[in-house]
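Engineer: Quick check, what structure comes out for this input:
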Amino acid sequence: MKYIDLFAGAGGLSEGFYREGFIPIAHIEKDKNACLTLKTRIAYHYLKERDRLDLYVKYLKSEISRDSLYRYIPSFHLDTVINQEISESTLDALFKEIDPMVDDGLDLIVGGPPCQAYSYASAHIKHKNKDLIYLYELYGEFLKRYKPKMFIFENVPGLHTADDGKYFEGLKKCFMEIGYKLNDKKLDASKFDIPQKRERIIIIGWRVDLDLSYPEFEDKISNTKINDLFVDLPKLKQGESILAGSYNRQKASEYVQNYIRNGIEVLTQHTARSHNERDLNIYKMAIEKWQEGVRLKNSDIPEDMRTQQNITSFLDRFKVVDGDGYSHTMIAHIAKDGHYYIHPDINQLRSISVREAARIQSFPDDYFFEGSRTSAFTQIGNAVPPILAQSIAKVIRYKIEELNGQ
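Structural biologist: Here you go, the predicted model:
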């Protein structure tokens, strides 16, 4: 079962489909660091399947370089990652590169264009960036070209309301005219055994000649809390990092053992950003209030400590991750500052680390994000949680196997 991943990011969506036996023909992504993350993940899977994860561990420990790691991987695997923006001007070149790979048909296209233009916060801004907003038309060009059996289109709930609903109607019309039926549902990651409240629109489409329908998903409510997710991670102060170290002696929770640790006992990218004294004082206030069950509002912060004077809207700029419950939605804004993701432990008094953010998104600890700390946070915040992606991939695999008579 072959697929193409458009607007691939760090590969959260692709990871889920790979785990279910799908073979990636191409991952197209404009961000250089995200492309390197994809290649490093390809290296991980290739070496794992050949019982050579010792080489990957050496890379995690910085005992070999990234270039040295990649030398162990056949180039045609790494070449599935195409570092290119998808635009009208690049389509011909992209098709020319991908055409030889799609020699006997394509089962699936997956992906979700950048969603910032029609998130809840910006949905009221009509045509904020037309080139960004109407990227679904470019997605449609790939459907026209390769005519896969099915496609998956992922995005934020604001997809429905962007431009007073005209965006979504245009999307549906575009895909139907190409020759696809489709339906969509709002899926919450917390119902897929992920300790995060994260709603996303998942559109699933299928060629009109196929007798298919939108699949049913069984709820699997996560019993894991954030404190369970973090329990085996060494405590950090703000500005501290563990780039390639050990876990603490606290036994990992069952969830972490099943989904996160995966047998590689090297903890990477457990790195926390630094904060100034004013922010740390606000963090302390936020945690203390949260321990009482109350969220800190911007209006609660003394005027001389406020970083923003707005006390009528966006009041929850400083937000503690619920250690005794689920995290709130992880978004790419975490790359700009950590104010919206304050660690629940007042003794650590910091925002969450890169590795903690990755765990909230259900990435295993052996998933390495290339680039700076800021880039890693961006990649994580934009990603589809791999566990959610795998749940989708599983039901899609069944449908495609039925079509193929397997």
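Engineer: okay, CA-based contacts and neighbour counts for the rest of this
Structural biologist: OK.
Engineer: can you give me the end-to-end distance of stretch 306-317?
Structural biologist: One end of stretch 306-317 to the other measures 11 Å (Cα to Cα, to the nearest Å).
Engineer: And the average pLDDT for that stretch is what?
Structural biologist: Stretch 306-317 shows an average pLDDT of 69 in the prediction.
Engineer: Let the chain start at 850 from now.
Structural biologist: Let's use 850 as the start, then, which means that last one is stretch 1155-1166.
Engineer: neighbours around the closest residue to G960 other than its chain neighbours, how many?
Structural biologist: Leaving out its chain neighbours, the residue that sits closest to G960 by Cα to Cα, 6 or more residues apart in numbering is L855, at 4.7 Å. Close neighbours of L855, defined as other Cα atoms under 10 Å, add up to 23.
Engineer: pretty sure L855 is touching I877, no?
Structural biologist: Yes - counting by Cα atoms under 8 Å, L855 touches I877, with 5.1 Å between them.
Engineer: Distance of the residue nearest to G960 relative to I935?
Structural biologist: From L855 across to I935, the span is 8 Å (Cα to Cα).
Engineer: Same check on E864?
Structural biologist: Distance of E864 to I935, given as Cα to Cα: 21 Å.
Engineer: Likewise for G1054?
Structural biologist: In this view, G1054 and I935 are 21 Å apart by Cα to Cα.
Engineer: Would you mind telling me which of the two has more residues around it?
Structural biologist: Of the pair G1054 and I935, G1054 is the one with more neighbours under other Cα under 10 Å, namely 26 against 18.
Engineer: which ones are touching that one?
Structural biologist: Contact partners of G1054, counting by Cα atoms under 8 Å, 6 or more residues apart in numbering, are M999, F1000, I1001, Y1029, K1030, L1031, N1032, Y1063.
Engineer: Check which strands are paired with the helix or strand hosting it and give the direction for each one.
Structural biologist: Using DSSP states H and E, the element containing G1054 is strand 1048-1056. Strand 1048-1056 has the following strand partners under DSSP bridges: strand 999-1004 (antiparallel), strand 1029-1037 (antiparallel).
Engineer: okay if I get those strands as a markdown table plus mean neighbour count, mean pLDDT and distance to E986?
Structural biologist: Converted to a markdown table, the strands paired with strand 1048-1056 look like this (neighbours: other Cα atoms under 10 Å; pLDDT from 0 to 100; distance: least, Cα to Cα, whole Å):
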| stretch | mean neighbour count | mean pLDDT | distance to E986 |
| --- | --- | --- | --- |
| strand 999-1004 | 22 | 95 | 12 |
| strand 1029-1037 | 17 | 96 | 14 |
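Engineer: May I see these organised as a markdown table, with distance to S1202 added?
Structural biologist: As requested, the strands paired with strand 1048-1056 are exported to a markdown table (distance: least, Cα to Cα, whole Å):
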| stretch | distance to S1202 |
| --- | --- |
| strand 999-1004 | 25 |
| strand 1029-1037 | 23 |
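Engineer: Contacts made by the next helix or strand after the strand holding G1054 with the rest, please.
Structural biologist: The first helix or strand that comes after strand 1048-1056 along the chain, using DSSP H and E, is helix 1075-1079. Residues outside helix 1075-1079 that contact it (Cα under 8 Å, 6+ apart) are 1044, 1101-1102, 1104-1105, 1170-1176, 1205, 1208-1209.
Engineer: ok, of those residues, which come out buried?
Structural biologist: Using 16 or more other Cα atoms under 10 Å as the burial test, the contacts of helix 1075-1079 include 1044, 1101-1102, 1104-1105, 1170-1172, 1174-1176, 1205, 1208-1209 as buried.
Engineer: so which of these comes closest to G1187?
Structural biologist: If you rank these by distance to G1187 using Cα to Cα, V1170 comes first, at 10.8 Å.
Engineer: looking at this structure, which helix or strand does the model trust least?
Structural biologist: For the chain, counting by mean pLDDT, DSSP states H and E, helix 979-982 ranks last in confidence among helices and strands (a mean of 49).
Engineer: For the following helix or strand past that one, name the packing helices and strands.
Structural biologist: Next in sequence after helix 979-982, counting helices and strands by DSSP H and E, comes helix 985-995. Packing partners of helix 985-995 (3 or more Cα pairs under 8 Å, 6 or more residues apart in numbering; DSSP states H and E): helix 1015-1027.
Engineer: And the average pLDDT for the helix it packs on is what?
Structural biologist: Helix 1015-1027 shows a mean pLDDT of 91.
Engineer: Tabulate the CA atom coordinates of it in PDB.
Structural biologist: Extracted in PDB, the C-alpha atoms of helix 1015-1027 (Å, rounded to 0.1, in the frame of the first residue of the first chain):
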ATOM      1  CA  LYS A1015     -17.000  29.400   2.200                       C
ATOM      2  CA  TYR A1016     -13.600  27.800   2.500                       C
ATOM      3  CA  PHE A1017     -15.000  24.400   3.500                       C
ATOM      4  CA  GLU A1018     -17.700  24.500   0.800                       C
ATOM      5  CA  GLY A1019     -15.000  25.400  -1.800                       C
ATOM      6  CA  LEU A1020     -12.900  22.500  -0.600                       C
ATOM      7  CA  LYS A1021     -15.700  20.000  -0.900                       C
ATOM      8  CA  LYS A1022     -16.700  21.200  -4.300                       C
ATOM      9  CA  CYS A1023     -13.100  21.100  -5.500                       C
ATOM     10  CA  PHE A1024     -12.600  17.500  -4.400                       C
ATOM     11  CA  MET A1025     -16.000  16.300  -5.700                       C
ATOM     12  CA  GLU A1026     -15.300  17.800  -9.100                       C
ATOM     13  CA  ILE A1027     -12.000  15.900  -9.300                       C
END
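Engineer: For it, buried residues please.
Structural biologist: Buried residues in helix 1015-1027, counted by 16+ other Cα under 10 Å: Y1016, F1017, L1020, K1021, C1023, F1024, M1025.
Engineer: Do you know the pLDDT at the closest residue in space to Y988 that isn't next to it in sequence?
Structural biologist: Nearest non-adjacent residue to Y988, counting by Cα to Cα, 6+ apart: L855, 7.6 Å away. Listed pLDDT for L855 reads 97.
Engineer: Understood, closing this out.
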